[in-house]
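Novice: using only what follows, build the 3D model:
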Amino acid sequence: MEQVKELETAILSRANRLAVEYRERAERSRDNIMQEAHKRLHLREEREVLLAKSKAERTFRRQVQANELKLQKEMDHLRWNLVIAVQQQLRDRIGELVADETSYLLLLKQLMASAARSFKETELRASFNTRDRDRLQPIWDNFYKEAVQDKTITLETSPINTIGGVIISSHDRSIRFDNTFEGREERLADNLHQTILERLFPAGTVQDNLSSMR
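Specialist: Now for the predicted structure:
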């Protein structure tokens, strides 16, 4: 009988130790699972934070680029308006020059001479606007001979539409050299535009202003 009780006691003791051991294993496993879950959660949070930061940076860069493009468009519009304003002032200045008969007639001779030199022909035609044609008609022979000694230039009766200046044509009118103010302005358009921009906006001014706003 004593042996049976000892066996029962041994079995219970063994069962108890096994229960404690398995409980401890279970607790360790639970702790490991909790730690692993916490690590995964932490990594997920970090990834989400990084993704959020990256998305926020991309959004910010897009907004900055959009603002820069908008500002650049406004600056381009402003520059164009200023160029147009300067060109209009230039035409007003030409109008003042035309009104000064002495200076203007001297300029007309120079414009006519430079255009005539482009022709090999000796028989040419000159076209002016109505005002200049009427002004030059009484003095034409002396006027053109003072400017061009080696060619004969006929004064056209039909006027042209121009602020001022002259168009020199071959005798058969197949070739012409437009030395009106508008013609010269068209030929010099790129250089004129560039010169105006350089005076209005010194090199780097616009880009520096954009960079300083970033």
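Novice: measure K109 to V49 for me?
Specialist: 80 Å (CB to CB, to the nearest Å). All C-beta atoms are positioned from the backbone trio N, CA, C, and that covers glycine.
Novice: who has more neighbours, those two?
Specialist: Taking neighbours as other CB atoms under 10 Å, K109 and V49 compare with K109 leading, 16 against 10.
Novice: could you say which helix or strand holds the more buried one?
Specialist: helix 101-116 (DSSP states H and E).
Novice: which strands or helices does that helix pack on?
Specialist: helix 2-99, helix 130-136, helix 140-147, strand 165-170, strand 176-180 (3 or more CB pairs under 8 Å, 6 or more residues apart in numbering; DSSP states H and E).
Novice: list the buried residues of that helix.
Specialist: Y104, L107, L108, K109, L111, M112, A113, S114, A115, A116 (16 or more other CB atoms under 10 Å).
Novice: pretty sure the fourth one is touching E146, no?
Specialist: Yes. With contact defined as CB atoms under 8 Å, K109 counts as touching E146 (6.3 Å).
Novice: run through the protein and note the low-pLDDT ranges.
Specialist: Applying pLDDT under 70 to the chain picks out residues 1-8, 10-12, 14-16, 18-19, 202-214.
Novice: three-state assignment of L124?
Specialist: Classification of L124 by DSSP: H, G, I helix; E, B strand; the rest coil places it in strand.
Novice: quickly compare the helices and strands packed on helix 101-116 and say which is most buried.
Specialist: Ranked by mean neighbour count, these are led by strand 165-170 with a mean of 23 (mean count of other CB atoms under 10 Å).
Novice: contacts for that strand?
Specialist: Residues outside strand 165-170 that contact it (CB atoms under 8 Å, 6 or more residues apart in numbering): 108, 111-112, 115-116, 118-119, 121, 123-128, 132, 153, 156, 160, 175-184.
Novice: what angle separates it from helix 101-116?
Specialist: 30 degrees (axes from the mean of the first three to the mean of the last three CA atoms, to 10 degrees).
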